[in-house]
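Asker: fold the stuff below for me.
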Amino acid sequence: MIKGFIEVHNGKDSGNVVLINVRHIVDVRGDVIYMDDTLPNGSDFSCTYCEESYEEIKQKIKEAVGDEK
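Answerer: Predicted coordinates:
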């Protein structure tokens, strides 16, 4: 895996694989990852609905930043 990125499956896009730069993650709620960029209309943060669970996402972030604790 590329350091600083996590690979997840987008539940809203037929499970297609996406890479997310962990520096842009501002929040994880359940299986949804919120990023610091706003949508084109400026109303909200962009997000990815993942097929992975919260615990799986959390582990991927730990591995991406080198925090294995």
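Asker: could you use CA atoms for every contact and neighbour count after this?
Answerer: Noted.
Asker: tell me the pLDDT at the spatially most central residue of the chain?
Answerer: The structure's the chain has its C-alpha centroid closest to Ile33; by CA atoms, centre = their mean the separation is 4.3 Å. Per-residue pLDDT puts Ile33 at 96.
Asker: adjust the sequence numbering to begin at 738 for everything that follows.
Answerer: From this message on, residue numbering opens at 738, which makes the last subject Ile770.
Asker: okay, and it sits in which element?
Answerer: Taking DSSP states H and E as the definition, one finds Ile770 inside strand 769-775.
Asker: show me what that strand is packed up against.
Answerer: Helices and strands touching strand 769-775, by 3 or more CA pairs under 8 Å, 6 or more residues apart in numbering; DSSP states H and E, are strand 762-766, strand 782-786.
Asker: contact partners of that strand?
Answerer: Applying CA atoms under 8 Å, 6 or more residues apart in numbering, the contact partners of strand 769-775 are His761, Ile762, Val763, Asp764, Val765, Asp781, Phe782, Ser783, Cys784, Thr785, Tyr786, Cys787.
Asker: ok and that strand relative to strand 762-766, angle-wise?
Answerer: Counting by axes from the mean of the first three to the mean of the last three CA atoms, to 10 degrees, strand 769-775 lies at 150 degrees to strand 762-766.
Asker: so how far is strand 769-775 off the chain centroid?
Answerer: 8 Å (CA atoms, centre = their mean, to the nearest Å).
Asker: now do the buried residues in it.
Answerer: Across strand 769-775, burial judged by 16 or more other CA atoms under 10 Å covers Val769, Ile770, Tyr771, Met772.
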